[in-house]
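>>> quick one, structure for this:
(one chain, ligands or ions: 1)
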Amino acid sequence: MGILSILGLMEETKNIVLSRGHNVKNWQVLGNDCYTLECADCKKTVMIKEHPLPNEIKVGGEAVAVNCVKPVKEKKLRKK
Ligand SMILES: [Zn+2]
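As a prediction, this is how the structure comes out:
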């Protein structure tokens, strides 16, 4: 798989994650062929592997499977 197709997969995956309401920005590089996105709100992640092993999947993680649950703003904790 070339760099263009991994970029396409990253964009496609990010769009799915965004459509689930997650607050994601930039991909983090975990390794040679492994990238991850983390939601700033619910901390769910999605991971992409460019060259998955036979027992692995190319795209995985909770952020593609479930909708974002926004954290409840605890105003009481922000005492000054
Ligand atoms: Zn989220």
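>>> low pLDDT regions in the chain?
1-3, 77-80 (pLDDT under 70).
>>> and it, which residues reach the ion?
The interface of the chain toward the ion, taken as Cβ under 5 Å from the ion, is made up of 22, 39, 41, 42, 68. From N, CA and C alone the C-beta is placed, and that goes for glycine too.
>>> hmm, residue 73 and the third one touching each other?
Read it as residue 41. No - contact status for residue 41 versus residue 73: not in contact, 10.8 Å apart, counting by Cβ atoms under 8 Å.
>>> the more surrounded of the two?
Taking neighbours as other Cβ atoms under 10 Å, residue 41 and residue 73 compare with residue 41 leading, 14 against 8.
>>> quick one: contacts for the more buried one?
22, 23, 68, 69, 70, 71 (Cβ atoms under 8 Å, 6 or more residues apart in numbering).
>>> that one: what secondary structure?
What DSSP: H, G, I helix; E, B strand; the rest coil gives for residue 41 is coil.
>>> and for the closest residue to residue 16 other than its chain neighbours, the neighbour number?
Residue nearest to residue 16 in three dimensions, not counting chain neighbours: residue 64, with 5.3 Å by Cβ to Cβ, 6 or more residues apart in numbering. Using other Cβ under 10 Å, residue 64 has 20 neighbouring residues.
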